[in-house]
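A.B. asks: Return a 3D structure for these sequence lines:
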Amino acid sequence: SHYKASYSCNCSSPSDIFLNRNCVPRASQNCANAGFLCQGTCSNVTDPHNSSLSVGFACGCDEGYRLLEDFSCEQINECIDDEPCSAFCEDTDGSYICSCLAGFQLDDDGHTCTDPCNVTTKQLDWVVTGVTVVS
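C.D. replies: Now for the predicted structure:
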């Protein structure tokens, strides 16, 4: 048989909070004292009525990453989450790259693949304008 166990951690002082296996005094919650909890960036949060009074800290992540509950950063797979490309999408560190099937080309928008042989009348007129007919 398998059993599920659960537990909770409490700090000895009621004015402390338990974060990521550490007891941190509520009064000292700022990047200097507790910023180590943030895997990415740390920003001090101040009282809106008294900017010299620190009321905590906020963790953040670089572009292309999302903040998790444990203050760690997880890479976002834009190819799955946003489906930005019309053909192929390669997830990269903090971004993505679109590519096309053979014979198609990537438009200037960096997302859409088009068939260069399937031109509109306006595009065809532009191409033909530069041609001189010799008889």
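A.B. asks: Check for me that residue 34 belongs to a helix.
C.D. replies: Yes: when the secondary structure is assigned by DSSP: H, G, I helix; E, B strand; the rest coil, residue 34 falls within a helix.
A.B. asks: Within the sheet, what are the partner strands of the strand of greatest length in the chain, with directions?
C.D. replies: As far as residue count goes, and with DSSP state E defining each element, the longest strand of the chain is strand 50-60. In its sheet, strand 50-60 lies beside strand 41-47 (antiparallel), with partners assigned from DSSP bridges.
A.B. asks: And the partner strand, what's buried?
C.D. replies: The neighbour-count check on strand 41-47 (16 or more other CB atoms under 10 Å) flags residue 42 as buried. Yep, even glycine has a C-beta here, placed from its N, CA and C like the rest.
A.B. asks: what residues does that strand touch?
C.D. replies: In this structure, residues lying in contact with strand 41-47 by CB atoms under 8 Å, 6 or more residues apart in numbering are 30-31, 35, 52-62.
A.B. asks: mind redoing it with 6 Å?
C.D. replies: Residues external to strand 41-47 that are found in contact with it (CB atoms under 6 Å, 6 or more residues apart in numbering): 30-31, 35, 53-60.
A.B. asks: Could I get the CA-only coordinates of the longest strand of the chain as CSV?
C.D. replies: Only the C-alpha atoms of strand 50-60 are listed here, as CSV (Å, rounded to 0.1, in the frame of the first residue of the first chain):
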residue,chain,number,x,y,z
ASN,A,50,5.5,56.0,3.8
SER,A,51,8.0,55.1,1.1
SER,A,52,10.8,54.7,3.7
LEU,A,53,8.9,51.8,5.4
SER,A,54,9.6,48.5,3.8
VAL,A,55,6.6,46.1,3.8
GLY,A,56,8.1,43.3,1.9
PHE,A,57,9.6,42.2,-1.4
ALA,A,58,8.5,41.0,-4.7
CYS,A,59,10.2,38.4,-6.9
GLY,A,60,10.3,38.7,-10.7
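A.B. asks: Counting neighbours, what do you get for the nearest residue to residue 71 once chain neighbours are set aside?
C.D. replies: Counting by CB to CB, 6 or more residues apart in numbering, residue 59 is the residue found nearest to residue 71 once chain neighbours are left out, at 4.5 Å. By other CB atoms under 10 Å, 20 other residues sit near residue 59.
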